[in-house]
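*Asks:* A predicted structure for the sequence below; I have some questions about it.
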Amino acid sequence: MKKVKLKVPATIANLVCGFDILGMAIHEPFDVMELKLLETSEIIIRHTDDFGLPEETSKNVAGKVLLKIQEELNLKNGFEVIIHKKIKPGSGLGSSAASAAGAALGANWLLGNILSKEEMIYFAMFGEELASGVKHADNITPCIFGGITLIKSSDPIDIIPLNAPDLFVTAFHPQVEVKTSDARQILKKNILLKDAIEQWGNIAGLVAGIQNNDFGLIGRSLKDVIVEPVRSILIPKFDEIKEKSLGLGALGGGISGSGPSVFMLSENEKISYEIAEMMKSVYRTINIESFAYVSKVNPKGIEIIEK
Ligand SMILES: Nc1ncnc2c1ncn2[C@@H]1O[C@H](COP(=O)(O)OP(=O)(O)O)[C@@H](O)[C@H]1O
Ligand SMILES: N[C@@H](CCOP(=O)(O)O)C(=O)O
């Protein structure tokens, strides 16, 4: 029976000012997914982790994606999926996106690579819709493309792969859960024109900085006047750890996806580790457990590790 094993990376969506349109793959943490093509039409999902995610096909993000692929491609085959999840759900590191993108890419490989990347994103978005109520593609896209991606449009799907600057990433995960759906619920529906103008400038500057490896411009552009002021209240000590990170030499950073994770970009590994240690020590003062990953921008995205 045809099978494939995938290493599926965590992703940092929004990249501060690019709400729902920018995202970046990192190396750590990652999920491992094993997919098998079945002669029968059933879709079986198993988790080896203890996050308590549903294994009922229609209630599982990966299962939802595979059901849509089976339905729309009129497949007779089913799939068996074993998910070794290490990206904690609700972390802000693209946990549901990893399941969704891994299911789409794995199924595509088993079916003989019949789908384009855009078509894989189309199917994977049904998984994100299950997890957060919205078909956002800013975690799925860098997971599938690798590196940093700009979503010009998600309907129709129009993706601009960007450069992957040689930068270190501190991904700090306080052990509090912030559901993506909740973190979207609290957002304002209308914004001031002056804030929109400032945000457009930040996004344009960030994309230009990424494309030109202009780390100073990247740092100056990692600002958000629309989403971060609302969501940062969900993350204890956010302002303190952000200010101290900049003081340690971070280029900039902010909320990872919908939070609670916080990320910082820096030019060297030593600064990245110092930021991680500082963040953990700040959280020890409020007795909240936390994890920190020091990684890099991951130009590969999902990798096939066994066939
Ligand atoms: N594979 C999955 N199957 C079903 N539900 C999931 C799955 N992964 C995450 N969820 C649900 O979606 C919610 C949001 O998780 P998620 O989008 O993964 O957060 P984040 O992307 O911030 O890590 C979680 O609270 C969890 O209940
Ligand atoms: N653009 C989305 C990204 C959600 O990322 P996640 O990693 O928290 O799922 C949002 O900000 O709602």
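*Replies:* Now that the structure is in, tell me what you want to look at. Numbering: from 1, shown residues only. Ligands and ions are numbered 1, 2, ... in the order given.

*Asks:* For Ser281, grab the count of nearby residues.
*Replies:* By the criterion of other CB atoms under 10 Å, Ser281 has 12 neighbours. All C-beta spots, glycine's among them, are computed from the backbone N, C-alpha and C.

*Asks:* Helix, strand, or coil at it?
*Replies:* Following DSSP: H, G, I helix; E, B strand; the rest coil, Ser281 is assigned to helix.

*Asks:* do the helix or strand hosting Ala104 and ligand 1 meet at all?
*Replies:* Under the criterion of DSSP states H and E, Ala104 resides in helix 95-110. Yes: using CB under 6 Å from any ligand atom, helix 95-110 reaches ligand 1 at 95-97, 99.

*Asks:* Packing partners of that helix?
*Replies:* strand 3-13, strand 22-38, helix 61-72, strand 78-84, helix 117-132, helix 140-145 (3 or more CB pairs under 8 Å, 6 or more residues apart in numbering; DSSP states H and E).

*Asks:* which residues make contact with the last one from outside it?
*Replies:* Here helix 140-145 makes contact (CB atoms under 8 Å, 6 or more residues apart in numbering) with 8-9, 11, 23-25, 94, 97-98, 100-102, 104-105, 117, 120-121, 124-125, 127-128, 148-149, 151, 159, 161, 301-302.

*Asks:* Now restrict the residues you listed to buried residues only.
*Replies:* 8-9, 11, 23-25, 94, 97-98, 100-102, 104-105, 117, 120-121, 124-125, 127-128, 148-149, 151, 159, 301-302 (16 or more other CB atoms under 10 Å).

*Asks:* Which single residue in the protein comes nearest to ligand 2?
*Replies:* Going by CB to the nearest ligand atom, ligand 2 is nearest to Gly257 of the chain, at 2.6 Å.

*Asks:* That residue reaches Leu93, doesn't it?
*Replies:* Yes: here Gly257 reaches Leu93: they are 6.8 Å apart, a contact under CB atoms under 8 Å.

*Asks:* overlap in contacts of the two?
*Replies:* Common neighbours of Gly257 and Leu93 (CB under 8 Å, 6+ apart) are 11-12.

*Asks:* nearest to Asn268, of the helices and strands packed on helix 95-110?
*Replies:* For the helices and strands packed on helix 95-110, the distance to Asn268 is smallest for strand 22-38, at 16.3 Å, taking CB to CB.

*Asks:* Briefly note if that closest one comes near ligand 2.
*Replies:* No: remark: strand 22-38 sits outside contact range of ligand 2, by CB under 6 Å from any ligand atom, the gap being at least 7.6 Å.

*Asks:* So for that strand, mean pLDDT?
*Replies:* Across strand 22-38, pLDDT averages out at 98.

*Asks:* ok, then the element right after it?
*Replies:* Heading C-terminal from strand 22-38, the first helix or strand you meet, by DSSP H and E, is strand 43-47.

*Asks:* Buried residues in that next one, which are they?
*Replies:* By neighbour count with 16+ other CB under 10 Å, strand 43-47 contains the buried residues 43-45, 47.

*Asks:* now swap in stretch 211-223 and tell me
*Replies:* Here stretch 211-223 shows 215, 217-223 as buried, counting by 16+ other CB under 10 Å.

*Asks:* Determine the number of other residues adjacent to the nearest residue to Gly133 once chain neighbours are set aside.
*Replies:* Spatial nearest neighbour of Gly133, excluding adjacent residues (CB to CB, 6 or more residues apart in numbering): Ser181 at 4.8 Å. For Ser181, the count of nearby residues is 13 (other CB under 10 Å).

*Asks:* Now the helix-or-strand element of the chain with minimal mean pLDDT: buried residues?
*Replies:* Counting by mean pLDDT, DSSP states H and E, the weakest-scoring helix or strand in the chain turns out to be helix 180-185, with a mean of 88. Neighbour-count burial for helix 180-185, counted by 16+ other CB under 10 Å, picks out 180, 183-184.

*Asks:* can you narrow the residues you listed to ones near ligand 2?
*Replies:* Applying CB under 6 Å from any ligand atom to the buried residues of helix 180-185, those adjacent to ligand 2 are 180, 183-184.

*Asks:* closest to ligand 1 among those?
*Replies:* Scanning those for proximity to ligand 1, where the rule is CB to the nearest ligand atom, the winner is Thr180, at 4.2 Å.

*Asks:* Make sure the closest one is actually in contact with Ser132.
*Replies:* Yes: counting by CB under 8 Å, Ser132 is a contact partner of Thr180 at 3.8 Å.

*Asks:* who are the neighbours in contact with Glu128?
*Replies:* 61, 96-97, 100, 134-137, 139-140.

*Asks:* can you rerun that using 6 Å?
*Replies:* 100, 135-136 (CB atoms under 6 Å, 6 or more residues apart in numbering).

*Asks:* Stretch 23-37 near ligand 1 at all?
*Replies:* No: no part of stretch 23-37 sits close enough to ligand 1 to count as contact by CB under 6 Å from any ligand atom; the gap is at least 9.2 Å.
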